[in-house]
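S.K.: Here is a sequence with its predicted model. Questions after.
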Amino acid sequence: MAHLFCELFYRAQVAGIVLGDSAALPFTQAQLGEALGMALVTVNRLLQALRRTDSMDFRAGTLRVVHWERLCEIGEFDPDYLSVPNPF
């Protein structure tokens with residue numbers, strides 16, 4: 001989940017649709033669970049765990065990245081595989 005959030009935030013940054021530290025991700029926890037193959041209760045627990053890291057928050061369809069490097073470390077995210085320019 002952290003990796004997915006990193007990729008979506010990175011792509012939003014490249015597209016120029018990040019406002020400050022937030023990007024609109026208009027989907028629900030249920031849709032997130034479907035995309036990741038997780039039960040809703042698992043999605044909720046994992047979101048709570050990610051919030052406790054103080055790296056991100058996802059509520060009401062908005063992803064707020066508080067600490068980019070920490071979120072990348074948690075999600076083992078390396079954007080080198082993406083074919084988009086580095087926005088950071």
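M.R.: Ah, there it is. Fair warning: this is a prediction, and the values are worked out from it, not measured in the lab.

S.K.: what ranges do the strands span in the protein?
M.R.: 22-24, 56-59, 62-65 (DSSP state E).

S.K.: among the ones you listed, which is nearest residue 31?
M.R.: strand 56-59 (11.8 Å; CB to CB). Just so you know, the C-beta spots here come from the backbone N, C-alpha and C atoms, and that holds for glycine as well.

S.K.: Give me the helices and strands touching that closest one, please.
M.R.: Where contact means 3 or more CB pairs under 8 Å, 6 or more residues apart in numbering; DSSP states H and E, strand 56-59 is packed against helix 2-15, helix 40-52, strand 62-65.

S.K.: List the buried residues of that strand.
M.R.: With burial defined by 16 or more other CB atoms under 10 Å, the residues of strand 56-59 counted as buried are 56, 58.

S.K.: Note down every partner strand of it and its orientation.
M.R.: strand 62-65 (antiparallel) (DSSP bridges).

S.K.: roughly how far apart are residue 72 and residue 84?
M.R.: According to CB to CB, to the nearest Å, residue 72 and residue 84 sit 15 Å apart.

S.K.: pLDDT weak spots in this structure?
M.R.: The chain contains residues with pLDDT under 70 at 88.

S.K.: OK, contacts around residue 3?
M.R.: By CB atoms under 8 Å, 6 or more residues apart in numbering, residue 3 lies in contact with 75-77.

S.K.: 6 Å - rerun?
M.R.: Applying CB atoms under 6 Å, 6 or more residues apart in numbering, we find residue 3 in contact with 75, 77.
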